[in-house]
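Novice: build me a model:
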Amino acid sequence: MADDFKYTPKLFDIRVKPPGKEKAGSREKQCEWDGCVAKGNCKAPQSPDSLNEYFYFCQKHTAEYNKAWNFFHGMSESAARSYQQGQAYGNRPTWDMRRSAPGQGNGPKGWQNRFADPLDLQGDAKYREAREPQRRLGRLQALAMDDLGLPHDTEAKYVRTRYLKLVKTFHPDANKGDRSTEGRLQQVIRAYQVLKTAKLA
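Specialist: Residues are numbered from 1 along each chain as shown. Below is the predicted model of the structure:
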């Protein structure tokens, strides 16, 4: 009675492996080692350049192949060493963070005041010692300090001194009537007003 039953799906067959349907290429491979007739049920990469393409060997010949296989074959010693060192960061391009340090590159204005470096990634030894917590400035106050070219922990009296110096430098009267520095002068005045309102100047 049970032999008479035939499974017929209405829409599609939801079984993982319907009976009698064998995938193309699912038959067991023969070992690709010369003269071997065993089943090739172990994969071995063909070359370092094509790690996703495999030879199929039996277990015995896979072990022999792996013993003789050298990933760095054809590389110079320095190239092999640099590849091994690059594995620490996934062989992706990296750069020295100190390149953007003041005087060494074109980092954004005031970048060094916008984050702490407790692990000394920038090579700045001042973070190695315990420091008192600095006051935290709002975004506008921090940008104003950057516009005046001052560290964020500058005392009020030095802020005023710096402001007066910059006004004298950029004022048209100090530049023989040249008005090309007026934009910078207005920037300095606005920055000082922000700091004065926040009682930082």
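Novice: break the chain into its domains for me.
Specialist: Structural domains assigned to the chain are 28-94, 96-131, 135-201, following automatic domain parsing.
Novice: give me whichever of those domains is most buried.
Specialist: domain 135-201 (a mean of 15; mean count of other C-beta atoms under 10 Å). All C-beta atoms are positioned from the backbone trio N, CA, C, and that covers glycine.
Novice: all strands of this structure, in order?
Specialist: According to DSSP state E, the chain carries its strands in the segments 42-47, 50-57.
Novice: run the angle between the shortest one and strand 50-57 for me.
Specialist: An angle of 140 degrees separates the directions of strand 42-47 and strand 50-57 when computed by axes from the mean of the first three to the mean of the last three C-alpha atoms, to 10 degrees.
Novice: by contact count, what packs against strand 42-47?
Specialist: Taking 3 or more C-beta pairs under 8 Å, 6 or more residues apart in numbering; DSSP states H and E as the contact definition, the neighbouring helices and strands of strand 42-47 are strand 50-57, helix 59-68.
Novice: what's the angle between the longest one and strand 42-47?
Specialist: Pointing back at helix 59-68 there. Between helix 59-68 and strand 42-47, the angle formed by their directions is 30 degrees, by the same axes, to 10 degrees.
Novice: so L150 sits right up against R160, yeah?
Specialist: No: applying C-beta atoms under 8 Å, one finds L150 not in contact with R160, separated by 11.0 Å.
Novice: tell me where the model's unsure across the protein.
Specialist: Residues of the chain that meet the criterion pLDDT under 70 lie in 1-3, 15-27, 95-135.
Novice: quick check, central residue of this protein?
Specialist: Centre of the chain computed as the mean C-alpha position; nearest residue by C-alpha atoms, centre = their mean is T94, 7.7 Å away.
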